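**Student:** below is the sequence, then the predicted model.
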Amino acid sequence: MYFVYILQSLKDGKTYVGYTNNLDERLKRHNSGLVTATKHCIPLKLIYSEQFETLQEAKKREQ
């Protein structure tokens, strides 16, 4: 399973869209500052996720 997710920064309200096969772990990485694109706007909260069978479907939806 793959997920497309939207995170919102509690610091500045900006949103980030991504995809992953492990939503819980990815959210932890974002909030630990381990993801370059979002480390400047932590903490982040998950505001949306959608599940897909294949990586290709998730990538297409993310765009």
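**Tutor:** Structure's in. What do you need?
**Student:** which residues does the nearest residue to Tyr16 once chain neighbours are set aside contact?
**Tutor:** Spatial nearest neighbour of Tyr16, chain neighbours left out: Leu7 (4.7 Å); criterion: CB to CB, 6 or more residues apart in numbering. All C-beta atoms are positioned from the backbone trio N, CA, C, and that covers glycine. Contact partners of Leu7, counting by CB atoms under 8 Å, 6 or more residues apart in numbering, are Thr15, Tyr16, Val17, Gly18, Leu27, His30, Thr38, Leu44, Lys45, Leu46, Ile47.
**Student:** and Thr15, by the same measure?
**Tutor:** Ile6, Leu7, Gln8, Ser9, Ile47.
**Student:** nearest to Arg61, of those residues?
**Tutor:** For the contacts of Thr15, the closest approach to Arg61 (CB to CB) belongs to Ile6, at 11.1 Å.
**Student:** next, report how far whichever strand or helix holds the residue nearest to Tyr16 is displaced from the centre of its chain.
**Tutor:** Following DSSP states H and E, one finds Leu7 within strand 2-9. Mean C-alpha position of strand 2-9 versus that of the full chain (CA atoms, centre = their mean, to the nearest Å) differs by 3 Å.
**Student:** equivalent analysis for stretch 2-16, please.
**Tutor:** Worked out by CA atoms, centre = their mean, stretch 2-16 lies 6 Å from the chain centre.
**Student:** start and end of it, how far apart?
**Tutor:** Criterion CA to CA, to the nearest Å; first-to-last residue distance in stretch 2-16 is 17 Å.
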